[in-house]
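[1] Attaching a predicted model along with its sequence, questions to come.
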Amino acid sequence: MYEVRASTVLQCLEEAAHYYNHSEIAEKLGVNPSTVGRWLKRETEPKHGILYGLQQMLMPFGKPADSADFTFIDLFAGIGGIRKAFELNGGRCVFTSEWDAYAQRTYHANFADGQPIAGDITAIPEANIPAHDVLLAGFPCQPF
């Protein structure tokens, strides 16, 4: 049987705290926000049973930046469907461009990593686009 180490649970909890506040974490895990605070301050040790809940909370954020197999830029990004697929396969997004304000709002909701979204790619100087391994360019979306 696989044994979950306390350090693994704490690492996931600390990573979740970068994206969520104590109340949001507590709600997802079914505990009190002050309990989350005590865990993060190392006053008490979190139960191993919360690991799955933490992993579920972190799934939308992909792999940590230091463990990416490759980097990519997401042009004509829409709401981020292509990004999600590439993150699930080991990539890390280093730049995003999408001109539509509604798509940008949805993209931010889907990827709450705080990374800015550039508008019209034709207005971005080449020097402002970071080095990357793969360039993603979304297909045009047509209204229904």
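    Looks like it came in fine. Numbering: from 1, shown residues only.
[2] show me where the protein has helices.
    Per DSSP state H, the chain carries helices over the ranges 6-19, 22-29, 33-40, 51-58, 81-88, 101-110.
[3] average pLDDT for stretch 30-43?
    Model confidence over stretch 30-43, given as mean pLDDT, is 93.
[4] One more: stretch 55-69?
    Stretch 55-69 carries an average pLDDT of 67.
[5] start to end distance for it?
    Stretch 55-69 stretches 20 Å from its first residue to its last (CA to CA, to the nearest Å).
[6] And for stretch 36-46?
    Length of stretch 36-46, first residue to last, CA to CA: 8 Å.
[7] who touches the closest residue to residue 89 other than its chain neighbours in this structure?
    Among residues not flanking residue 89 along the chain, residue 69 sits closest, at 7.8 Å (CB to CB, 6 or more residues apart in numbering). C-betas here are computed from N, CA, C, even on glycine. Going by CB atoms under 8 Å, 6 or more residues apart in numbering, residue 69 touches 89-91.
[8] Distance of residue 129 relative to residue 34?
    For residue 129, the distance to residue 34 (CB to CB, to the nearest Å) stands at 44 Å.
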